[in-house]
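1. Need coordinates for the below:
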Amino acid sequence: METVKADITLKNAGDVSNAQRGIIKDSEIRQLSIRAMVDTGAITLVINDEVRKELGLELVSPYEARLADGVLHTFAKSEPIQVYWKNREMVCQAIVVPDAKEVLLGLIPLESMDLIVHTSKNELVGAHGDEMIFRI
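-> Predicted coordinates:
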């Protein structure tokens, strides 16, 4: 299977809340549209320090993660980020890997937005088409 990429938009969730409350203007929400690698082996969203700074996010807590090389590393989690893919959105903290070469879209955001990798098309798709369906 080839590498699957997805166009997503990341927004500072605190800015989104402040805009909804009228504290800042919508145009002041820090956001970034990027092409992320879909990584079903990653637990959650992974960003680098450049993306974190562009979104104006603080580091909030340590997080231990084992990378593909098998070594256990300590990274930091970011403040919450709103993740948008087409007509879907979710909020999560990201793991900040300072020198990561690209953003990884992992299992938590994929599950939360009801997305799967369509292996024969090599693309990200809604698990139930355009409709989001969740089991409770």
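2. mind listing the helices for the chain?
-> 13-20, 49-55, 107-112 (DSSP state H).
3. Flag every buried residue along the second one.
-> Of the residues in helix 49-55, 49, 51, 52, 54, 55 count as buried by neighbour count, 16 or more other Cβ atoms under 10 Å. Bear in mind the C-beta positions are built from the backbone N, C-alpha and C, glycine included.
4. Bridged to the residue nearest the centre of the chain, which residues?
-> Nearest to the mean C-alpha position of the chain, by Cα atoms, centre = their mean, lies residue 45 at 3.9 Å. Going by DSSP bridges, residue 45 is paired in beta bridges with residue 94.
5. My read is that it contacts residue 82, right?
-> No. The pair residue 45 and residue 82 does not pass the contact test of Cβ atoms under 8 Å, sitting 10.6 Å apart.
6. what residues do these two have in common as contacts?
-> Contact criterion Cβ atoms under 8 Å, 6 or more residues apart in numbering; residues shared by residue 45 and residue 82: residue 10.
7. Since that was my last question, I'll sign off now.
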